[in-house]
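In: okay, predicted coordinates and the sequence, questions at the end:
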Amino acid sequence: MFRATCWSDTPRSLASSRPETPKSSILERPFGATQLAFAFTTTFVVIPGIEARGFLFGPPIALAIGAKFVPLPKPKKLPGETIFEEYELEYGNDRLEMHVGAVEAGDRALVVDDLIATGGTLCAAINLLERVGAEVVECACVIELPELQGRQRLKGKPLCMLVEYR
Ligand SMILES: O=P(O)(O)OC[C@H]1O[C@H](OP(=O)(O)OP(=O)(O)O)[C@H](O)[C@@H]1O
Ligand SMILES: Nc1ncnc2[nH]cnc12
């Protein structure tokens, strides 16, 4: 496990959940998974990523900070024994699965997805990880739809995001 250190110009001015950060300064700069990775000054053991686009953004973050990527796919994708959590979306129900043993009790986790809308998906991921004793430290996604108030469903976990879409 390694420590990801902020570079001088990037920390949470790029990947910010702080309301005082001007939106224009976020949107005028290039952004991507590596910038999410370098926004963190704490350490993580596991990076659980949510299918589908958490599978794109999670692995580069995990590689950048020397953590283990853990896929949380939709049903019937994992070959081994799994546990699951069901949840509601704006347009139906779904389920996230995780391999038994993929995460150990006490593992510090950063949950990654592309987008937070109602927060139901990230909430299900947090519940799944907490059931096996992981310490979910923070969530990260590229886009937040703030009008849907999804971050209120994150059980008090901080949310790091790059773009607010209103
Ligand atoms: O905050 P929520 O209201 O839970 O919504 C967010 C989720 O919705 C989208 O995925 P979707 O479930 O549509 O599946 P997809 O990845 O297959 O597009 C998005 O990628 C998030 O995972
Ligand atoms: N309202 C929304 N807009 C775009 N993507 C979404 N994924 C889930 N909810 C969404």
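Out: Perfect, thanks for sending it. Ligands and ions are numbered 1, 2, ... in the order given.
In: surely residue 131 touches residue 83?
Out: Yes - Residue 131 lies in contact with residue 83 (Cβ atoms under 8 Å); the separation is 6.7 Å. C-beta: built from backbone N, CA, C; applies to glycine.
In: once you drop chain neighbours, what's closest to the residue positioned nearest the centre of the chain?
Out: Most central residue of the chain, judged by C-alpha distance to the mean C-alpha position with Cα atoms, centre = their mean, is residue 112 at 2.1 Å. For residue 112, ignoring the flanking residues on the chain, the nearest one in space by Cβ to Cβ, 6 or more residues apart in numbering is residue 58 at 4.1 Å.
In: quick check: pLDDT value at residue 76.
Out: Confidence at residue 76, expressed as pLDDT, is 96.
In: residues touching it, list them.
Out: If you count contacts by Cβ atoms under 8 Å, 6 or more residues apart in numbering, residue 76 has them with residue 97.
In: quick revisit: what about the residue nearest to residue 112, how many residues nearby?
Out: Burial measure for residue 58: 28 neighbouring residues, criterion other Cβ atoms under 10 Å.
In: and for residue 137?
Out: For residue 137, the number of neighbouring residues by other Cβ under 10 Å comes to 17.
In: from what I see, it and residue 157 are in contact.
Out: Yes - using Cβ under 8 Å, residue 137 makes contact with residue 157 at a distance of 7.3 Å.
In: near ligand 2, which residues of this protein show up?
Out: 90, 115, 117, 145 (Cβ under 6 Å from any ligand atom).
In: mind doing that once more with 5 Å?
Out: Listed as neighbours of ligand 2 in the chain under the rule Cβ under 5 Å from any ligand atom: residue 117.
In: for the chain, give me the ranges with low pLDDT.
Out: Low-confidence segments of the chain, defined by pLDDT under 70: 1-42.
In: relative to ligand 2, which residue of it is the closest?
Out: Closest to ligand 2 within the chain is residue 117: 3.3 Å, counting by Cβ to the nearest ligand atom.
In: strand partners of the helix or strand harbouring residue 71, parallel vs antiparallel please.
Out: In the assignment (DSSP states H and E), residue 71 maps to strand 68-72. Strands flanking strand 68-72 in the sheet, each with its direction: strand 46-50 (parallel) (DSSP bridges).
In: who are the contact partners of residue 90?
Out: 117, 118, 148.
In: derive a ChimeraX selection command for the buried subset of those.
Out: Remark: buried members of the contacts of residue 90, expressed as a ChimeraX selection using 16 or more other Cβ atoms under 10 Å:
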select :117,118
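In: pipe the contacts of residue 90 into CSV and attach secondary structure and distance to ligand 1 per row.
Out: Converted to CSV, the contacts of residue 90 look like this (DSSP: H, G, I helix; E, B strand; the rest coil; distance: Cβ to the nearest ligand atom, whole Å):
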residue, secondary structure, distance to ligand 1
117, coil, 3
118, coil, 3
148, helix, 7
